[in-house]
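In: predicted model follows, preceded by the sequence.
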Amino acid sequence: MAKGRYGRLQVKKWSTLTLVWSMLLMLSVVILMLLAFGIVSLPIIDDDSPPQDLSSLRRMIIERGEGLGDRGEQWTEVLAWEPRAFIYHNFLSREECEYLISLAKPHMKKSTVVDSTTGKSKDSRVRTSSGMFLRRGQDKIIRDIEKRIADFSFIPAEHGEGVQVLHYEVGQKYEPHFDYFLDEFNTKNGGQRIATVLMYLSDVEEGGETLFPAATKNFSSVPWWNELSECAKEGLSVKPKMGDALLFWSMRPDATLDPLSLHVAL
Ligand SMILES: *[C@@H]1O[C@H](CO)[C@@H](O)[C@H](O)[C@H]1NC(C)=O
């Protein structure tokens with residue numbers, strides 16, 4: 001009895017399964033036929049570039065990434081290997097630059113420098129700009145930017161400091177300095193700084209360059225040489241452009257300090 005019921009149940013299950021499978025098979029054949037005759041078509045992303053062009057695919061992915069506003073075309077270039085410095089064009093959109101300025105503007109204070117003996121912040125004539133620190137990951141837009149910095153530098157965002165927004169009036173500067181710490185207080189507490197990403201938030205008529213006076217490269221070979229101010233021609237210089245980012249390393253790959261990372265804010 002029990003055995004019989006079992007058998008009948010199996011037969012019923014089997015026939016239902018066969019029916020479902022054959023219906024699915026017929027449906028697939030119909031869809032394939034419709035596709036073959038061009039009666040229906042799969043959605044294809046409308047793009048000007050040829051479909052096999054992988055570089056355009058990569059650019060498309062970058063452009064559709066996270067962030068506020070349109071960043072336009074992005075590309076990177078090696079500025080120098082001694083010090084290791086790289087430029088990332090259109091790292092930030094105009095909207096992101098304006099957003100950073102709007103967050104910082106109400107809180108700007110005279111910039112300080114780190115005292116190399118005590119490790120404390122102090123006022124200095126060496127650095128005359130004003131600035132403020134954002135909190136790390138303080139909102140979605142800042143987190144997007146920090147993620148981008150992490151991707152550019154290969155250093156996780158959790159290893160970064162909060163973004164510092166700086167403002168230089170005409171005539172203000174930051175004289176030659178290193179970003180690495182020379183005091184025990186900071187190296188023991190937060191650890192050494194290994195790299196810096198500078199993001200330029202506005203275009204300037206003249207000056208405002210970042211100068212690496214100790215770089216070994218033939219600095220007059222940069223394509224923007226003729227656009228540089230006189231003092232920027234004393235070494236390898238980057239001309240500020242809204243949205244561009246400059247990454248440079250204060251430490252070499254073997255974790256020794258790189259004195260060639262000496263730099264000046266003109
Ligand atoms: C540096 O580059 C400039 C421009 O490309 C060139 O005229 C000059 O000869 C170079 N100097 C050296 C020492 O290579």
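Out: That came through, no problem.
In: how deep is whichever residue of the stretch 51-200 of the chain sits closest to the ligand tucked in, by neighbour count?
Out: Closest to the ligand within the stretch 51-200 of the chain is residue 80: 13.4 Å, counting by Cβ to the nearest ligand atom. Using the backbone N, CA and C atoms, a C-beta is placed for each residue, glycine as well. Number of residues near residue 80 (other Cβ atoms under 10 Å) recorded here: 17.
In: do I have it right that it meets residue 235?
Out: No. Counting by Cβ atoms under 8 Å, residue 80 does not reach residue 235; the two are 10.3 Å apart.
In: shared neighbours, these two?
Out: Common neighbours of residue 80 and residue 235 (criterion: Cβ atoms under 8 Å, 6 or more residues apart in numbering): 212, 215.
In: name the next helix or strand downstream of the helix or strand bottoming out on mean pLDDT in the chain, please.
Out: Ranked by mean pLDDT, DSSP states H and E, the weakest helix or strand in the chain is helix 54-63, scoring a mean of 53. As assigned by DSSP states H and E, the chain's next helix or strand after helix 54-63 is strand 75-81.
In: now do that next one, average pLDDT.
Out: Averaging pLDDT along strand 75-81 yields 96.
In: what number of residues lie near the residue nearest to the residue of the stretch 51-200 of the chain closest to the ligand when sequence neighbours are not counted?
Out: Nearest residue to residue 80, sequence neighbours excluded (Cβ to Cβ, 6 or more residues apart in numbering): residue 217, at 4.6 Å. Residues near residue 217, counting by other Cβ under 10 Å, number 18.
In: please apply the same query to residue 102.
Out: Residue 102 has 9 nearby residues by other Cβ under 10 Å.
In: and the helix or strand where it lies, what's buried?
Out: Taking DSSP H and E as the definition, residue 102 sits inside helix 94-104. For helix 94-104, the neighbour count (16 or more other Cβ atoms under 10 Å) marks 94, 96-100, 103-104 as buried.
In: ranges for the strands of the stretch 151-266 of the chain?
Out: Using DSSP state E, counting those that start in this stretch, the strands found in the stretch 151-266 of the chain span residues 164-167, 174-177, 195-199, 210-212, 236-238, 245-249, 263-265.
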